[in-house]
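Undergrad: Okay, predicted coordinates and the sequence, questions at the end:
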Amino acid sequence: MEEKVMEVESLQDTLQKEEFVSAELKATLALEEWRKEAEGSVAELEAWEVKSISEAAASAMEEFKASSEMRKLNVAFG
């Protein structure tokens, strides 16, 4: 009988360890999913940044072309 009690205790201990490992794996998977989402967000922000810079540069160029300074340059070199 004592042997069965020890076996049950050993099995319970093993089960607790496996439950702990399972919980750790779930937490690791959740962190991995969060990391992937964060990387996706970073990529989106980088793309938005490049687009915004390009649009700002194009807008500045258009404003310069329409400015009196540009007209003066056209008259001077035209």
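TA: Arrived safely.
Undergrad: how far does the helix or strand where Phe64 lies sit from the chain's center?
TA: Secondary structure from DSSP states H and E places Phe64 in helix 2-66. Counting by CA atoms, centre = their mean, to the nearest Å, helix 2-66 is centred 8 Å from the centre of its parent chain.
Undergrad: Tell me what angle the following helix or strand past that helix forms with helix 2-66.
TA: On the C-terminal side of helix 2-66, the closest following helix or strand by DSSP H and E is helix 68-77. Regarding helix 68-77 and helix 2-66, their directions subtend 50 degrees when assessed with axes from the mean of the first three to the mean of the last three CA atoms, to 10 degrees.
Undergrad: In PDB, could you pull the C-alpha coordinates for helix 68-77?
TA: Extracted as PDB, the C-alpha positions of helix 68-77 are listed here (Å, rounded to 0.1, in the frame of the first residue of the first chain):
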ATOM      1  CA  SER A  68       8.100  84.200 -55.800                       C
ATOM      2  CA  GLU A  69      11.700  83.100 -55.300                       C
ATOM      3  CA  MET A  70      11.300  80.400 -58.000                       C
ATOM      4  CA  ARG A  71       9.700  83.000 -60.400                       C
ATOM      5  CA  LYS A  72      12.700  85.300 -59.700                       C
ATOM      6  CA  LEU A  73      15.100  82.500 -60.600                       C
ATOM      7  CA  ASN A  74      13.100  81.700 -63.800                       C
ATOM      8  CA  VAL A  75      13.300  85.300 -64.800                       C
ATOM      9  CA  ALA A  76      17.000  85.500 -64.000                       C
ATOM     10  CA  PHE A  77      17.900  82.300 -65.900                       C
END
